[in-house]
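Chemist: Starting from these lines, generate the structure:
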Amino acid sequence: MGNSYVIPCDGTSDLAYEGESREIVNPAWCTVTTVHTDVANEEMHLLRVFERGVAVVAAVHGPSGCGRGFDLRRRRWRRRGALRTFKAAAWAVIFLRRLELDPCTKRSYTFDAGVDPETIRYMDQDLPRSGGEALVQRHMGRIRAMLLRHLAEDPHLGYCQGMNFVAAVFAAAAGSQAEAYERFRAFIQRLRGLWLPNFPLLQVGTSKFMKAAEEFTWYRHLNAHAVEPSMFLPQALLAMFALWLPLPTVVECLAILEQKGLAGMLALTLAVLDHVGDSLLQQRSMEGLLAVLKNLKTRAPEPSVLSMAARETLPKVARLESELAVL
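Modeler: Sure thing, here's the model as predicted:
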C-alpha cells in the first residue's frame, strides 16, 4: 500500500502517513517505536520458551521417554499434538500483545502534545502545496514528522510558510528521517532570521542581493520596469528555491546552501536569474517580467551548470559581505 495522507480531524499530531514510522529511530520521540521494540523483545523471549518447550516435549514423548511396545504411530500423534498446543499458546500471547499496537489508541508522538492544534492545522494545509513531484510525495510522511518535531523543539520560531519546502528538500536529500531532521534543524537554526517575525534576515539578504546584482543588465532592466526584489526574492529564500527549481536540482545544490548559508543562497539566486537573463531582457512590461519569474522552474539549467555558476559567484558575495561588515 502506498502512503496515504490524512489530516487528523481532532487536531492531534499523530503521523498520518503509512509506511514511514519505521524510519523514526529515536525512542524518546516515537512511543510506537518503543512499543514495537518491547513487543519484539517479548516475542523473541516467547519463541525461545517455545523452542525449549519443543525440546521438553521431544524428550518426554520421544523414543527414550517411552516404554517398549509403545505404538510408534500413537507416540508421533501425541508428540505432534503437544507441539501444536504449545505453539498455539505462544502465538496467542503474541497476538494479544500486537492488539495493543492499534494506531487508533496509540499516539506516534509525545513531545508535541503541547503544540497548538491550530498551528498543526495551519501546517497541514500547507503540506499538499509542497509540490506534486514524485520525490515530494514519496517523503510526505517524513516531511510532516520533521515539521512536527520542529514545532515541539523550537516553539519560539514556530511554523512559517515556506518551511514545508525546506523540510521537503532535506527529506529528499537525506538517507533517513533522523539525518533529514538534523540537517533541517541545523539549517533552520543558522538562518532562523528568515522566518522570524518581520523577517529580519530577509531584509539583510535583500540589501546584499541589490548590491551584488547592480552589475547585471537584467537587474537594471527589472528596476526600469518597477519589478522590485520583494516581488520575487522571498519565494527563493523562504522556500529554499523549491518554487524556482525542480526538487532534484535543489538537492544537487544543497551542499552550497548548507556550507555557505545566506551567502550560498544569494549566490544561487544570482546564478538562477543570470541563467534566464536573456528571457528577462526580452520582456517589455512588468507583467511579462513577472511571468518569467513565476515560471523559472520550467527554464531551470542542469544541476551541474547551476552549481558551478553559483560557486563562481560566491567570492563576489563573500567580498560584499566583508565590505558591509566593515561599514
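Chemist: now this protein, which segments are flagged as low pLDDT?
Modeler: Along the chain, the parts satisfying pLDDT under 70 run over 1-113, 321-327.
Chemist: domain ranges for it?
Modeler: 31-99, 117-194, 200-326 (automatic domain parsing).
Chemist: from the ones you listed, which stretch is densest packed?
Modeler: For these, average neighbour numbers computed from mean count of other CB atoms under 10 Å are highest in domain 117-194, which has a mean of 19. Using the backbone N, CA and C atoms, a C-beta is placed for each residue, glycine as well.
Chemist: what's the distance between the residue nearest to residue 261 when sequence neighbours are not counted and residue 306?
Modeler: Excluding its sequence neighbours, the residue lying closest to residue 261 (CB to CB, 6 or more residues apart in numbering) is residue 190, at 5.4 Å. Applying CB to CB, to the nearest Å, the value for residue 190 to residue 306 is 22 Å.
Chemist: Over to residue 149?
Modeler: Separation of residue 149 from residue 306 (CB to CB): 31 Å.
Chemist: Same question for residue 246.
Modeler: In terms of CB to CB, residue 246 sits 11 Å off from residue 306.
Chemist: same question, residue 180
Modeler: 22 Å.
Chemist: How about residue 291?
Modeler: In terms of CB to CB, residue 291 sits 21 Å off from residue 306.
Chemist: ditto for residue 214
Modeler: Taking CB to CB, one finds residue 214 at 22 Å from residue 306.
Chemist: contacts for stretch 247-259?
Modeler: 131, 133, 135-136, 168-170, 172-173, 183, 186-187, 240-242, 245, 264-265, 267-268, 300, 303-304, 306-307, 310-311, 314 (CB atoms under 8 Å, 6 or more residues apart in numbering).
Chemist: Quick one: end-to-end distance for that stretch.
Modeler: Using CA to CA, to the nearest Å, one end of stretch 247-259 lies 19 Å from the other.
Chemist: Give me the helices and strands touching the strand or helix carrying residue 120, please.
Modeler: Here residue 120 is covered by helix 117-126, with elements defined by DSSP states H and E. Judged by 3 or more CB pairs under 8 Å, 6 or more residues apart in numbering; DSSP states H and E, helix 117-126 is in contact with helix 140-153.
Chemist: what's the angle from the helix it packs on to helix 117-126?
Modeler: 150 degrees (axes from the mean of the first three to the mean of the last three CA atoms, to 10 degrees).
Chemist: No further queries at this time; thank you.
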